[in-house]
Structures are given as structure tokens and as C-alpha cells.
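Enquirer: Here is a sequence together with a model predicted from it:
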Amino acid sequence: MQKQLIKDLFIKVKEQNPLVHHITNQVTINDCANATLAIGGSPVMATSIEEVEDMVKLANALVINFGMIDDETYAAMVRAGQAANTKGIPVIFDPVGVGATPFRTARAMDFLKHVSVSIVRGNASEVFALIGGEAKTRGVDSGTLAIPAGELAQNAAIQLQAITVISGKLDTISNGKEIVQIDNGDIWLTRITGTGCMTASLIASFAGVTDDWFSAAIAGMSVMSLAGERAKKALQEKDGIGMYRMKLMDEIFLMNEQIWTEEVRLS
Ligand SMILES: Nc1ncnc2c1ncn2[C@@H]1O[C@H](COP(=O)(O)OP(=O)(O)OP(=O)(O)O)[C@@H](O)[C@H]1O
Ligand SMILES: Cc1ncsc1CCO
Ligand SMILES: [Mg+2]
């Protein structure tokens, strides 16, 4: 992992304005579109099975988020994913809620059989369930796990043949060989919905402008955690989570290579 490669991505994403096609849930869809814009990408949310292949032809990255899957959107996800594989653009998979119900877990396994995923981004219990662990995801939130995140991320990266990003108090990213951890963040990131979903949008925006998807994954994950940390510091005494959500978007928008270099804590 080279910090300079990640720093360059902040400039590239704003210069190239990658089109990030999302098939995602209706809870956080607007936040994902705005987070993509804030970092320098261009979002499009297209779900109809009749148009996803054509949209992928225009796109630089594809985000597949399992937050609210039904049979129709699922079929569109597989079709879009296969079109992305044919084109060679990165597929970023957020296995929301996998491990909570047998339906989600089975669909996630099926998705991985049909689509080659470039980057998986989930919380610890979602990723654990994805590699066949008996995980207890609480709805869309992570349950507690005994396995260390570094080991889990590395095992998952090897088994899934995908760069794996696990968010949590420490965020962990592995490409199967290297393991990187990010020690930024704030507990309030877990008190508004969609910070994980938006992280996938940030990762996809970076992955849309480079072939170095490991650096893109580290960049996207660290921007969310660092922005969350800075947003908390920017709050005033009587501000609550409503203002925090606004400040978070501001800090994603304001993020640049200088702030990142000075404040990111990577190991
Ligand atoms: N205990 C914690 N302390 C500080 N930051 C945390 C903690 N847990 C998670 N985060 C941060 O919250 C952000 C989202 O990660 P989280 O694991 O909550 O994703 P998620 O469960 O997929 O979220 P969602 O499904 O609501 O989008 C990340 O930036 C992560 O670093
Ligand atoms: C709360 C919620 N339910 C389905 S998707 C979603 C957004 C956070 O993952
Ligand atoms: Mg999530």
C-alpha cells in the first residue's frame, strides 16, 4: 500500500468524474447519490432489468447493495453484474443484512456464483456470513464476533477472490496478502443509517478511476471514517445526529489529499 497512490485518487476522481451505477436500497439511496457527488463522482440509480446493461455500458463502476432485495431487483443485479464483468469495470458488493435471514444469505451466495465481485464492503457479521460463518447480523447491524477482523478480512479476500473491506471501530481492508487497518471514525457513524452504504459509493467512485482497487478500497473507507471523525469535532454544543448527518456530507465534500495525509491513521 502506497500513500501517494491514494493521495492521487482525490485529484483523479474530481478530474474524471466517474459514473457510478448503483442498484441499492430505498432507505439510503439519496445519501449514496449525494456522497458520490460530494467526493467527485457522478451517481446514477437504475434498477429496471431492461436498462441495466445499457447503463453499465456508460458506467465506470457498479455498486450492488442488498439492503432491500426482491426478486425483480435481484435479477437486475445479476444482469448488471455480468455486464460489468464483461466490460471489466469494478463491482462493489455491499451484503447488507446477510446473516440476518436465510433468504439474504442464500441470495448473496447465489450472487457470488453468477458475478465476479471486485470489492466486498460490509460489517463484520455480514462478511462472516458471506464466507459461510454462523453469523448473527442484527437486521442490518453487525453482531459481535470472536474472530479478529484482520484474519476475517484476509480469509474472506482469499475465499471470495475479492478485496474485502470490513467496517467497524477499526476498519480493515485486505487483498488476501496485505491487511490495512484504519483507526479513524466516531461512534456516531453508527447512529445514522447509511454510513456503510455511502462507504461503498465512495469506494466505487475511487475504483472507477484506477485499476488499483485495493488503494480505492482504502481511500473510500478512510474518507468515510475520517469525515465522520471531523464531523463530530465540527458540531456545536446542542447539535444532535441531524446536524451530524449534514456535517458528515460537508466533510466528505471538503476532504482532500492534504487533510487526508495529515489526519488518516493507517497501519
Ligand atoms: N464502534 C465504532 N466506533 C467508531 N466508528 C465506527 C464503529 N462502528 C462502525 N464505525 C464506523 O461507521 C461507519 C459505517 O460502518 P458500519 O460497520 O456501521 O457499517 P454498516 O453496518 O454497513 O452501516 P449501514 O448498514 O447503516 O450503512 C464506518 O466508517 C466505520 O468505521
Ligand atoms: C435500515 C436499512 N434496512 C434495509 S437497508 C437499510 C439501510 C442501512 O443498511
Ligand atoms: Mg451496511
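Expert: Right, received. Where do you want to start? Numbers count the residues shown, from 1 in each chain. Ligands and ions are numbered 1, 2, ... in the order given.
Enquirer: Now the most centrally placed residue in the chain: which helix or strand?
Expert: With distances taken as C-alpha atoms, centre = their mean, the residue of the chain nearest its centroid is residue 200 (1.9 Å). Following DSSP states H and E, one finds residue 200 within helix 195-207.
Enquirer: can you tell me if that helix touches ligand 1.
Expert: Yes - judged by C-beta under 6 Å from any ligand atom, helix 195-207 comes into contact with ligand 1 at 195-197, 199. C-beta coordinates here come from the backbone N, C-alpha and C atoms, glycine included.
Enquirer: Select from those residues the one having the most neighbours.
Expert: Among the residues of helix 195-207 next to ligand 1, residue 199 has the most neighbours (other C-beta atoms under 10 Å), with 28 neighbours.
Enquirer: Get me the contact residues on the stretch 1-150 of the chain for ligand 1.
Expert: 96, 123, 140-142.
Enquirer: Go back to the residues you listed and keep what's next to ligand 3.
Expert: Restricting these to those near ligand 3 by C-beta under 5 Å from the ion leaves residue 96.
Enquirer: CSV for the residues of the stretch 1-150 of the chain next to ligand 1, including pLDDT?
Expert: CSV is the format used below for these (pLDDT from 0 to 100):
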residue, pLDDT
96, 98
123, 96
140, 88
141, 86
142, 85
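Enquirer: Neighbours of the nearest residue to residue 248 once chain neighbours are set aside, how many?
Expert: Nearest non-adjacent residue to residue 248, counting by C-beta to C-beta, 6 or more residues apart in numbering: residue 231, 4.4 Å away. Using other C-beta under 10 Å, residue 231 is surrounded by 23 other residues.
Enquirer: next one: residue 104
Expert: 21.
Enquirer: hang on, the earlier thing: which members of the residues of the stretch 1-150 of the chain next to ligand 1 occur in strands, if any?
Expert: Judged by DSSP state E, these include residue 123 as members of strands.
Enquirer: List just the nearest of the residues of the stretch 1-150 of the chain next to ligand 1 to residue 153.
Expert: Proximity of those to residue 153 (C-beta to C-beta) peaks at residue 123, which lies at 11.7 Å.
Enquirer: Hmm, residue 168 and that closest one touching each other?
Expert: Yes - taking C-beta atoms under 8 Å as the definition, residue 123 is a contact partner of residue 168 at 6.5 Å.
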